[in-house]
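>>> Have a look at this fold, sequence not included:
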């Protein structure tokens, strides 16, 4: 399972995020302690530096 935490600059309805085996959520404090994350899973965080006005996605 791949857990993808998506910030506000990218919609969770993005077609690339509709792939099988992806669990798409909004990031929040403490997410890495989620009991749904198991050994062997992958965690991806997609967020952006929009407060600084760059609008660039940080991967």
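Received the coordinates, thanks. What you see is a predicted model; the values in this text were computed from it and never measured.
>>> measure the nearest residue to residue 5 once chain neighbours are set aside to residue 18 for me?
With sequence-adjacent residues excluded and distances taken as CB to CB, 6 or more residues apart in numbering, residue 5 is closest to residue 27, at 3.9 Å. Bear in mind the C-beta positions are built from the backbone N, C-alpha and C, glycine included. In this structure, residue 27 lies at 19 Å from residue 18, with CB to CB, to the nearest Å as the measure.
>>> Comparing those two, which residue is more hemmed in?
Here residue 27 and residue 18 are compared on neighbour count by other CB atoms under 10 Å; more neighbours surround residue 27, at 14 against 10.
>>> wait, what's in contact with the more buried one?
5-7, 45, 47 (CB atoms under 8 Å, 6 or more residues apart in numbering).
>>> in which helix or strand would I find residue 43?
Taking DSSP states H and E as the definition, one finds residue 43 inside strand 42-48.
>>> Find the residue closest to residue 1 in space, skipping its chain neighbours.
Here the nearest residue to residue 1 in space, its sequence neighbours aside, is residue 41; by CB to CB, 6+ apart that works out to 4.9 Å.
>>> Which pLDDT value belongs to the one you found?
On pLDDT, residue 41 comes in at 96.
>>> was I right about it contacting residue 21?
No: if you go by CB atoms under 8 Å, residue 41 and residue 21 don't touch, sitting 10.0 Å apart.
>>> the more surrounded of the two?
Between residue 41 and residue 21, residue 41 has the larger neighbour count (other CB under 10 Å), namely 12 against 7.
>>> And the strands in this structure, which stretches?
2-6, 22-25, 42-48, 57-58 (DSSP state E).
>>> Right, I'll leave it there.
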